[in-house]
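Chemist: output the structure for:
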Amino acid sequence: MENTNELNKKAWNAYQEDYMKFHLMSFEQYYEFFMNGGTSWLDDFLISMIGEVKGLKLLVTACGVDSAQAFSWHNLGAQVTACDISPKAIEIVRKNTEMLFLI
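Modeler: Okay, the predicted model is just below:
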């Protein structure tokens, strides 16, 4: 029998493509929003607690396929590394990053 981590990884991996499709259905302007410097998931309180992030190196764990936090921190000037347990999520995030920021 597989261990819990491997089962979790497989389940999360299987979910990613559908999650991105459903996310785009509810946030139709996703690409334009982040391309134009938008930030989401970061409220004023959180930003005031953390302060200026321009030039800082940040690690976003469990970024998930939409990577809204990672893209938001990037748009605030941070150098962001995003990670996730799902290789499929990282693959989709990488494609989204290339499309959004023309890397």
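Chemist: got any ranges where the chain has weak pLDDT?
Modeler: Applying pLDDT under 70 to the chain flags the ranges 1-2, 103.
Chemist: remind me, longest helix of it?
Modeler: For the chain, the helix reaching the highest residue count under DSSP state H is reported as helix 4-26.
Chemist: contacts for that one?
Modeler: The contact list for helix 4-26, computed with CB atoms under 8 Å, 6 or more residues apart in numbering, reads Glu2, Tyr30, Gly64, Val65, Asp66, Asp84, Ile85, Ser86, Pro87, Lys88, Ala89, Ile92. Just so you know, the C-beta spots here come from the backbone N, C-alpha and C atoms, and that holds for glycine as well.
Chemist: what's in contact with whichever helix or strand comes after that helix?
Modeler: Counting by DSSP states H and E, the next helix or strand C-terminal to helix 4-26 is helix 30-35. The contact list for helix 30-35 (CB under 8 Å, 6+ apart) reads 23-24, 27, 40, 66, 68, 71-72, 75, 96, 99-101.
Chemist: of those, which is the most crowded?
Modeler: In terms of neighbour count, Phe71 stands highest of the contacts of helix 30-35 at 28 neighbours, by other CB atoms under 10 Å.
Chemist: and the closest residue to that residue other than its chain neighbours, how many neighbours does it have?
Modeler: Nearest non-adjacent residue to Phe71, counting by CB to CB, 6 or more residues apart in numbering: Phe34, 4.5 Å away. By other CB under 10 Å, the residues close to Phe34 number 24.
Chemist: buried set for the longest helix of the chain?
Modeler: Lys9, Trp12, Asn13, Tyr15, Gln16, Tyr19, Met20 (16 or more other CB atoms under 10 Å).
Chemist: now flag whichever of these is closest to Leu46.
Modeler: Using CB to CB, Tyr19 comes nearest to Leu46 of those, at 23.3 Å.
Chemist: against Val93, how distant is the closest one?
Modeler: Note on Tyr19: its distance to Val93, by CB to CB, to the nearest Å, is 12 Å.
Chemist: intersection of neighbour lists for those two?
Modeler: Val65.
Chemist: can I assume Ser72 is in contact with Leu46?
Modeler: No: Ser72 lies out of contact with Leu46 (CB atoms under 8 Å); the separation is 10.1 Å.
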